[in-house]
Every structure is written in C-alpha cells, then in structure tokens.
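**Q** Got a predicted structure here, sequence first:
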Protein chains: 2
Amino acid sequence: MFSINWDSAVNNELNELLRVTAGQAYSALEKTLSKRESGKIGFMDLVFREKEISRVKKLAAKTAKEFDTLIVLGIGGSSLGGKTINAALMNNFDYNRKKVFYADNVDPDYFHELISSLDLKKTAFNVISKSGSTAETMAQFLVVYDLLCKKLGKEEAVKRIIMTTDPKSGALRPLEKSIGFETLEIPQNVGGRFSVLSDVGLFPSAFSGVDVDSLIKGAASVLETGTGKDMEKNPVLKYSLLKYLYCQKGFMNSVMMPYSTKLFELSAWYVQLWAESLGKKGMGQTPIPAIGATDQHSQLQLFMEGPRDKFITFIGVENSRNKTEIPCFEQEIDAFDYLSGHTMQELIRCEMLSTQRALFENGVPSVRIELPELNAENVGALFMFFEMAVAITGDLMEIDAFNQPGVELSKKYTYQMMGRKGY
Amino acid sequence: MFSINWDSAVNNELNELLRVTAGQAYSALEKTLSKRESGKIGFMDLVFREKEISRVKKLAAKTAKEFDTLIVLGIGGSSLGGKTINAALMNNFDYNRKKVFYADNVDPDYFHELISSLDLKKTAFNVISKSGSTAETMAQFLVVYDLLCKKLGKEEAVKRIIMTTDPKSGALRPLEKSIGFETLEIPQNVGGRFSVLSDVGLFPSAFSGVDVDSLIKGAASVLETGTGKDMEKNPVLKYSLLKYLYCQKGFMNSVMMPYSTKLFELSAWYVQLWAESLGKKGMGQTPIPAIGATDQHSQLQLFMEGPRDKFITFIGVENSRNKTEIPCFEQEIDAFDYLSGHTMQELIRCEMLSTQRALFENGVPSVRIELPELNAENVGALFMFFEMAVAITGDLMEIDAFNQPGVELSKKYTYQMMGRKGY
C-alpha cells in the first residue's frame, strides 16, 4: 500500500482538533460499516467475489482471443473507473496490444468517427448499464446492434455484445435469455460510482491485459486498514476527518493533483465520486481535477493567490519504470543546463515537493499520497481508499453518500422532450 | 459567429443591475483597449499577421510533406490551445491522417512510452517555449535532441526540430543561428495563455490539416463585435459583466460545459485562461471543466444540490456533421424504445436544454452559447471571445489579467532542488 504525508495539512492546532473530533470520525465509520453489514452498500465486499472474478477473467480471455478491440458503451460510473485503470496501467502508445475505447457520450460526430473507424469483425462491445434505461448508453447500443446485424448478421452481432447489468432486474437482464447476449453483473447494492472493482471495471481491464487480481489485492489491503478504529493507524479515517474539518473552515474546493500523466483519469473518476456522493443539501466539496507538473502552468496561480478555499491531495509516484535521463546539450546554456545529469523522475518529484511547499507557505493545505510505484495493486488501493473516505465523509456531513436525487429532474425533462411514454 | 442565449442568467433584477453597472463595463473595455493601443497586450492583433501566418502555413506544408507525425513539446499555454483545435476539428480516429501528439508533462513513463513508439525518421518535433527556460519543455528537448543525434546524426536531428519562441530574446532564439533550427515566433506582448492564434497554435494545426485562415477569420469577427460600446450588441462585454456580477453575488465557481466530446479540450484551455488570469489577490473565479452529456452522470448532482456558488457556460452545437440516427430494436422495451426514430444530435440537444432548465429552476444561473456548427471559424471565435472576456473581467475586478506572479515561488524551490546556479 501507499503512505501519506500529512505535514502540510496538520499543524498543532489541527492535531488538537483531530484529537477532539476523533469520536465523530469513529461514529461515522461505525455508520458506514453498519450500512455494509445490513447489506445496504456493497462496494467494500467487491474484493471477496472470487467466483465472479474468475468468470470475468475467463470471459475476458475468450473475448481477447476472438477480438482485437473492445468498445465500452457506458457513461459516468460505467466508464470512469475502467478509463482510469486503462490510462494508469497500460502503455497507450503500444499499438500492438488489445485496444479499449470508452464511448461515454452521445456526441454524434465523435461517435460516428469512432464507429466508422472500426473493423467490426475484430471488435466486441461491452454495454454497461445497471438499469438498462441510461439514455446515452441505450442510444449507442441501438446504433451498434443495428449496424452489426446489418453488416455481419444477427448471430455474429450477438457474439460481439457483452452486457454488464443488474443481476436480476432492469431492461437488459431479460435479453440474456431472449437474445442470448453474454451478461455480467453489477451487484444490486453497488452504485455506478462505486462499481470500478465489480465486473464493470474488471472486464475491460482484464481484456486489455491488466492483472485484475492485483487490483483486488490492493483494494483489500486498504479495506483491512480502513476499518480499524485507531486514527493514527487508519489513514482513510484521518483523511476523511481532515477534509471534513477543512471544509468546515471554508476550504470548500477539493483538488486532486497526481504528478503523473498516467493518472489523469483518476482525477476525473474522483470528481464523480466526490461530486455525486457529497453534493447535497447545499453542501459538498467541489472536486477539481488537476495534473502535475502540467497544471503548474495553468491552475497553480489560482491555487496560490486566488480564494483561499482549496484543499489539495497530491499523489506522487516514487519509482517510475523508466527514469528517463536528461542528457547534456552541446552548448552551455544557463537557462536549462542545470537539468542535465538529472532524470525526469527527479524533476517531476522536485516540482511536486516545491509546489506543495510554496502552497503551504501561502496557507493552502494539502496532503501527499506516495505510491511506491504505479501498478495494479496501488491503483486498486487508491480506489478503495477514496471510496471508503467518501462514505465516511458523507456520514460526518450527515449526507447520504449513496444516492443522487439531483439528477432526476433533468432526466424527466429529457424524457418529455424525447416523447417517452408516461412523462 | 455564434449566438448566446441569456434567459437562464438574466431576470428582471439582473437586467436592471446590468443597466446600472454598464458604465463599469465600458470603462473596463476602455482600459483593455488602451492596453492594446499602448502595445502592452498583443493577443487581439494576432488576427492581423498575414505575413507571419503565410510563413507558418508554408513551413507546415513543407513539414507535412516530409513527416507523418509531429510531437509538440510544450506545456500550459504552449499546448492547451493546439490540443483544443486538434480535438475539435480533426477526426482522431482517422489513422491515415497526419498525427500530432502533445507531450505536455515530464511524467517519465508516459514520455518514454510516447518517444519509444515513434518512427523517428518520420517524426518532427515542435519545441514551444517563449523564454527557453521552461524546465519541463527543456528537459524534453534535451532528451529528444540527444536521441535524434544518436539515431540519425546531427544534420537529420536539426531538420526535425522547429522552435517556437520569442522573436528576439530568450535561450532558444540564438540557436536559430548557432545550430540552424527553423524558428517561429511568439510576439513579445502575447503571453502563453493568449497565444493560441499565434504560431504556437497555428503551426501544429496547419500541419494536421486545419484551415487556419478560418480560425483567424472567426477570431477577427469577434474582435470587431467585442470592441463595440453598445452592451446589447456586444456579447463579450455582456458576458464579462454578467460573470463579474454573479461573482460578486457569491457565484465564485465558473463551469465550462460544452455538449460535445470534441470540445473537451476547450474546457481545459478555458481553465488555464480563467485561473491564471483572474486568480489573484485572494480573488478569482475558480474554473471547473465539464462535458455534456457525460457530466450529467458525474458533476450534475453537485451543480444541482451542492453549494450555490456556480455559474455555468453551456456550449451547444446546432448542426453536427453526422446526425447518427437511432434505429428500432427487435423487441418493444419501454426503457429505451422512445429513443428510436430520433438522432443522437436530438438526444444530446434535449439533454442540454433539459439540464439547463433543471438548473435554472434550482437557482443555478447559466448562459448558452450556440454554435451553428463545429468548424474552424467558430472555434477561432470562441478563443477570441473568452480571451477578450477575461481581459475585461480582469479590469472589472481591478486585477492585472496578464501576469502570473504566483507561480514563481514553486519554480524557485524547484531550481534550488535541481541545483540551478544562482538559486
């Protein structure tokens, strides 16, 4: 697992505050754990699905044997987790490996360009929707299924579509029998934004060659630590309480800033998790995605001198696979010859530490998560870490972190405009 | 040019407020225009560089004749604009066209993966840094130049590198003579985040086949409208004042939400422009990137029911190139058969209008920019629109929108850690 450096967020005053409010955090953790025990929430138990995971791996291996490319038709929680794993763990410039694309919108031009570029004979599609009523995903499915039937015939079309949906209910489950689609499952008590470690995230990951057992192993190790009642030994609890306390102090915006291009999708995944879980009753921490060192040339000015309302989570990678040495230049040039002899690994690390220090001196609090390396185990650990943290933070805020009532009104108006019966 | 719908931001009270404060906006516009006249700021005059643009087009055509791929080495303002143009206007699933990649970080793994995947014989590199002292870009340059020299010899290495830098000063300009790199220019009075319509954004765009004259034409049309003194005929002025007034009312976060996957990089470009220009003196509007319809399944819950501190700019595309029809399914299924017979174009449009209406009813203000279509002219227009708006908003806030003093401290610490002389 990873370690966390708290020095830029916890001074003496905060330490005292953490001590005084520790009881609140313990009782929030209790509430979260009792929801788990009652079966209301299932994300923590995704690490114990040996049988299901084994089925996913087999189906992924079979699919990868027959097809070169997998298109995931899914949106929000049905795509963000898989995208994160893919970007973090695979070499996206290796054009010989299995390709996975996430079609997570109904932009007609973008979708048309994607679909037109495919060799349909070599492509499979993973339709992910728990309810089977997600308008965007269903529109994509209708386009793709029709196209496959017309170009390759129904039998070949059915072979190319794998559904991931509710184990029993919803509009897609009956198609498993009536049409014969291979169908994976999202446990009923696991919501979209908590579903990355279910079949939702695991199937496309396994297809592209990710070691899904290691993902699960990393998540399981956080689960073990994260259920402990000693604040100093439970970083999930400390992180949750700390962000809650800073939010109370007016640090309402929560920046996720990994110093790694390969983790940029993690920021987007985190945005959904934080926004949709906590943005309720006029409260919530507004999540802001950032990437270091890139955003030092974009958002850093605002973080340093703008409104003092941001709490930052840095993520550093201690050992990259390739250090990438910076060679000498043929001339002596003051402006950049100090770089020679160092590595990009050193440079990006110095930039992270320097930025954190500069922000700290300007009164902007942050914590720094240190990944020993960027691998499946640590990515799995990050998922479980933030999922547990958002659940506990929700209980601290007295907010139900597991619903999303605010998205219904917009859906209702869309159904009306599109002429759905009963709306 | 595009039109703007103000109905979800301007009620009677706001209309009155706009009337009363119009004088402030006019005087902010005056200040901006006087900075232009004195030569302090140059971004508005980028549309009048006929000779330079013609040189860029020629060099791009020559480069495209010799090479298949262009790697842009640049960060922040040196990459965000070009990335936006590339994503918006090119078919990124057309594998036969000229490829452009933006290496905008020093993530050692990502950079190694990118560089290792290239056929160096067929690849050119565009190094973009005004000062020649941008640590990340210079580190990349050193790696690439050394690699090219070793693999292909110095003569071939030099042929493959095009510099874009200050016309006179900086560390890179002397290399034009001493080594012989082709060198383009960033006018001295144009800062990175305002440089997309200079050689910075135009060269990679022209290389990949974008009609750069149309980009410029669109920007010029906004410049003409945006300098007018009648608020009702000048949407740039109205937009600036409106966002300023909402900011004063506590709407401190500014969401950019195009309903178009192809415009997702515009949100990132806007984030830099807004964050770095206005995040000063404890003030600023925190920009938040979003994409419709995707973020209805991620951030919408927070926008609807979280803190009432967000002002949203929607961007819609009225006519996509491909409507993408949604066909019927072989069974009648309530959950999605209402979609059949519509197009994706209709669906994404209904979703935008429905989301805007739901937010409005929940007290979240927004405006909606309507692009007749997504083409070079309209993308150029969007750049000039937001650049002028941020300049005027800066003058309304009494902030210098053209500096970024807050990023220096972090740089200083990095130089110290990396052992740069004099730090």
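**A** All right, it came through fine. The structure displayed is predicted, hence computed values, not measured ones.
**Q** from here on, contacts and neighbour counts on C-alpha atoms
**A** Will do.
**Q** tell me the SS of residue A:329?
**A** Classification of residue A:329 using DSSP: H, G, I helix; E, B strand; the rest coil returns coil.
**Q** Show me the strands in chain A, by range?
**A** Taking DSSP state E as the criterion, chain A carries its strands at A:3-5, A:69-73, A:99-103, A:123-128, A:161-165, A:182-185, A:253-258, A:286-289, A:310-317, A:366-371.
**Q** ok, the closest residue to residue A:99 other than its chain neighbours - contacts?
**A** With sequence-adjacent residues excluded and distances taken as C-alpha to C-alpha, 6 or more residues apart in numbering or on different chains, residue A:99 is closest to residue A:69, at 4.7 Å. Neighbouring residues of residue A:69 by C-alpha atoms under 8 Å, 6 or more residues apart in numbering or on different chains: A:98-101, A:122-124.
**Q** what about residue A:69, distance to chain B?
**A** Distance, residue A:69 to chain B, by C-alpha to the nearest C-alpha, to the nearest Å: 13 Å.
**Q** Who does that residue form a beta bridge with?
**A** Counting by DSSP bridges, residue A:69 is bridged to residue A:99, residue A:123.
**Q** And the pLDDT at it?
**A** pLDDT recorded at residue A:69 is 98.
**Q** Tell me how many other residues crowd the closest residue to residue A:271 other than its chain neighbours.
**A** Of all residues not flanking residue A:271 in the chain, residue A:287 sits nearest, at 5.2 Å (C-alpha to C-alpha, 6+ apart). Neighbour count for residue A:287, taken as other C-alpha atoms under 10 Å in any protein chain shown: 26.
**Q** so who does residue A:287 touch?
**A** Counted by C-alpha under 8 Å, 6+ apart, residue A:287 has contacts A:253-256, A:270-271, A:274-275.
**Q** just to revisit the earlier point, against residue A:59, how distant is the residue nearest to residue A:99?
**A** Distance of residue A:69 to residue A:59, computed by C-alpha to C-alpha, to the nearest Å: 14 Å.
**Q** Show me the helices in the stretch 101-250 of chain A, by range?
**A** A:108-116, A:135-152, A:154-159, A:173-178, A:199-208, A:212-226, A:235-248 (DSSP state H, counting those that start in this stretch).
**Q** among the strands of chain A, which is nearest residue A:409?
**A** Proximity to residue A:409 (C-alpha to C-alpha) singles out strand A:286-289 among these, at 20.8 Å.
**Q** with the contacts of residue A:287 in mind, which one is nearest to chain B?
**A** residue A:275 (5.2 Å; C-alpha to the nearest C-alpha).
**Q** And the pLDDT for that closest one?
**A** Reported pLDDT for residue A:275: 98.
**Q** residue contacts, it?
**A** A:284-287, B:298-302.
**Q** Residue A:128 is in contact with residue A:165, correct?
**A** Yes: counting by C-alpha atoms under 8 Å, residue A:128 is a contact partner of residue A:165 at 6.2 Å.
**Q** okay, now residue A:362: neighbour count?
**A** With other C-alpha under 10 Å as criterion, residue A:362 counts 15.
**Q** And for the one 10 residues further on?
**A** Under the neighbour criterion other C-alpha under 10 Å, residue A:372 is assigned a count of 15.
**Q** Next up, phi/psi of the closest residue to it other than its chain neighbours, please.
**A** Nearest in space to residue A:372, with sequence neighbours left out and distances taken as C-alpha to C-alpha, 6+ apart, is residue A:318 at 4.9 Å. Backbone torsions of residue A:318, given as degrees, to the nearest 10, read phi -70, psi -40.
**Q** what's around residue A:318, how many residues?
**A** 14.
**Q** Roughly how far does it sit from chain B?
**A** Residue A:318 is 11 Å from chain B, by C-alpha to the nearest C-alpha.
**Q** so who does that residue touch?
**A** Residue A:318 makes contact with A:349, A:370-373, according to C-alpha under 8 Å, 6+ apart.
**Q** Which residues of the stretch 101-250 of chain A lie near chain B?
**A** Proximity of the stretch 101-250 of chain A to chain B, by C-alpha under 8 Å from any C-alpha of the partner chain, involves residues A:104-110, A:112-114, A:117, A:132-133, A:135, A:138-140, A:142-143, A:146, A:171.
**Q** For PyMOL, write a command that selects the buried ones of the residues you listed.
**A** To isolate the buried ones among those in PyMOL, judged by 16 or more other C-alpha atoms under 10 Å in any protein chain shown, type:
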select buried, chain A and resi 104+105+106+107+108+109+110+112+113+114+132+133+135+138+139+140+142+143+146+171
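**Q** Looking at residue A:165 and residue A:128, which is more packed in?
**A** residue A:128 (32 against 25).
**Q** centre of the chain versus stretch A:416-423, how much separation?
**A** Its chain's C-alpha centre and that of stretch A:416-423 lie 33 Å apart, by C-alpha atoms, centre = their mean, to the nearest Å.
**Q** Between the two ends of it, how far is it?
**A** End-to-end for stretch A:416-423, by C-alpha to C-alpha: 5 Å.
**Q** can you tell if that stretch touches chain B?
**A** Yes: judged by C-alpha under 8 Å from any C-alpha, stretch A:416-423 comes into contact with chain B through A:417-421.
**Q** Would you mind listing which of the residues you listed are buried?
**A** For the residues of stretch A:416-423 next to chain B, a burial check counting by 16+ other C-alpha under 10 Å picks out A:417-418, A:420.
**Q** Pick the one among these closest to residue A:54.
**A** Distances from residue A:54 to those, taken by C-alpha to C-alpha, are shortest for residue A:420, at 39.2 Å.
**Q** quick one: pLDDT of the closest one?
**A** 96.
**Q** Please name the nearest non-neighbouring residue to it.
**A** residue B:338 (5.0 Å).
**Q** ok, what's across the strand from the closest residue to residue A:267 other than its chain neighbours?
**A** Closest residue in space to residue A:267, ignoring its immediate chain neighbours: residue A:289 at 5.0 Å, by C-alpha to C-alpha, 6+ apart. Going by DSSP bridges, residue A:289 is paired in beta bridges with residue A:256.
**Q** State the number of residues packed around residue A:289.
**A** 21.
**Q** now do residue A:148
**A** If you count neighbours by other C-alpha under 10 Å, residue A:148 ends up with 19.
**Q** wouldn't residue A:256 be in contact with residue A:316 here?
**A** No: counting by C-alpha under 8 Å, residue A:316 is not a contact partner of residue A:256; they are 11.5 Å apart.
**Q** Show me the common contact partners of these two, please.
**A** Common neighbours of residue A:256 and residue A:316 (criterion: C-alpha under 8 Å, 6+ apart): none identified.
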